[in-house]
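all I have is the shape, not the residue letters:
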Ligand code: NCD
């Protein structure tokens, strides 16, 4: 059972939905209706974003710090754009420029961030659990932008939103997640979100990259990708996370592609209208062939990026409502 002890009493928000959490450190601990609420909130930003519509500066006057202790391109950019679209003053802090390199402890980092009086802090960190630790020490809402192998909640939300829009529903969709499950926070958060929303989740990896007892998360585990793909509605490919690997987890990239690469021939085993997803960055020609990644009808990869901005706008908005005194949060 998720630890709910740190969650404040449920607060009513406009529309009658309930979002009681101060931080977003993971999908774990979120109720299915709370996940759905965040997806519904994200929906409202999709059209304005697509149409460059008149800005809604509801975060004007607020300071958003993006504290990234690990490299990132799209997630950092996505959070920066999301904050700026909503009118926040966005400041980026990169690990390379920070005192972390000089040996500062995580607690000191948290205290420093707190002393800056940010209104919301977005954190990416290479250590699992680091975001929760900082969240416990600061006075403002904290959003996890990926911590070690632990969670990447906004990625799971944007993936769920993409699936819901493209497939019409999440419940009962057969979603195959294939790749480096052992090192993937994206997989963990996606499994938590998709099983909570009643999707049928299949995971597939070589045994060396399969977390032990993963079935306990409510998924079916496969080592044979062809078998896993049978009748799939969604195929989500993961990157081989070589930076998190210390040994020989796979014989060679060529060997890996032969057994676990998403090729057009393999995709034919899924449903004819199956959706192809990848959180990026992709290793083209290893876990996914370019012809599949760029497929006009089947690939949702660029849509995922667009949904990412909408989801992050929703999360920044929802988590700062209490501080902004939005009705229902007093
Ligand atoms: C993922 C991440 O950083 O966890 N990428 C992302 O956020 N877009 C996945 C990865 O690095 O492979």
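That came in fine, so what should we check first? What you see is a predicted model, and the numbers here were worked out from it, not measured in a lab. Numbering: from 1, shown residues only.

surely residue 117 meets residue 63?
Yes: in terms of CB atoms under 8 Å, residue 117 counts as a neighbour of residue 63; the distance is 7.2 Å. In this view, the C-beta of every residue, glycine as well, is placed from N, C-alpha and C.

neighbour count winner among the two?
residue 63 (17 against 10; other CB atoms under 10 Å).

what comes into contact with the helix or strand of the chain with the lowest mean pLDDT?
Ranked by mean pLDDT, DSSP states H and E, the weakest helix or strand in the chain is helix 106-115, scoring a mean of 88. Under the contact criterion CB atoms under 8 Å, 6 or more residues apart in numbering, helix 106-115 has outside partners 65, 67, 98-100, 104, 121, 127, 130, 133-134, 137-140.

need the max-distance pair from those.
With CB to CB as the measure, no two of the contacts of helix 106-115 lie farther apart than 127 and 139, at 22.1 Å.

show me which of the contacts of helix 106-115 neighbour the ligand.
With the criterion set as CB under 6 Å from any ligand atom, no member of the contacts of helix 106-115 is near the ligand.

in ChimeraX, how would I select just the buried ones from the residues you listed?
Once 16 or more other CB atoms under 10 Å is used to decide burial, the buried members of these can be selected in ChimeraX as follows:
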select :65,67,100,121,130,133,134,138,140
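
keep only those of the contacts of helix 106-115 that are in helices.
130, 133, 134 (DSSP state H).

what's around the residue nearest to the second one when sequence neighbours are not counted, how many residues?
So the one you mean is residue 133. Spatially, and ignoring its direct neighbours in sequence, residue 133 is nearest to residue 106 (5.8 Å; CB to CB, 6 or more residues apart in numbering). Burial of residue 106 is recorded as 17 neighbouring residues (other CB under 10 Å).

which other helices and strands does the lengthiest helix in the chain contact?
Here the longest helix in the chain is taken by residue count, with DSSP H as the criterion, and it is helix 301-324. Helix 301-324 makes packing contacts with helix 32-51, helix 74-85, strand 120-125, strand 142-147, helix 153-167, strand 275-277 when contacts are defined by 3 or more CB pairs under 8 Å, 6 or more residues apart in numbering; DSSP states H and E.

make it 6 Å
With contacts defined as 3 or more CB pairs under 6 Å, 6 or more residues apart in numbering; DSSP states H and E, the packing partners of helix 301-324 are helix 32-51, helix 74-85, helix 153-167.

out of the ones you listed, nearest to the ligand?
In terms of CB to the nearest ligand atom, the element of the helices and strands packed on helix 301-324 nearest to the ligand is helix 74-85, at 4.3 Å.

near the ligand at all, the closest one?
Yes: contact check for helix 74-85 against the ligand, using CB under 6 Å from any ligand atom: residues in range are 74, 75.

report the buried residues of that helix.
75, 76, 78, 79, 80, 81, 82, 83, 84, 85.

would JSON lines of the residues you listed with distance to residue 320 and pLDDT be doable?
Putting the buried residues of helix 74-85 into JSON lines (distance: CB to CB, whole Å; pLDDT from 0 to 100) gives the following:
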{"residue": "75", "distance to residue 320": "19", "pLDDT": "97"}
{"residue": "76", "distance to residue 320": "19", "pLDDT": "97"}
{"residue": "78", "distance to residue 320": "17", "pLDDT": "98"}
{"residue": "79", "distance to residue 320": "13", "pLDDT": "98"}
{"residue": "80", "distance to residue 320": "16", "pLDDT": "98"}
{"residue": "81", "distance to residue 320": "17", "pLDDT": "97"}
{"residue": "82", "distance to residue 320": "12", "pLDDT": "98"}
{"residue": "83", "distance to residue 320": "10", "pLDDT": "98"}
{"residue": "84", "distance to residue 320": "14", "pLDDT": "97"}
{"residue": "85", "distance to residue 320": "14", "pLDDT": "96"}
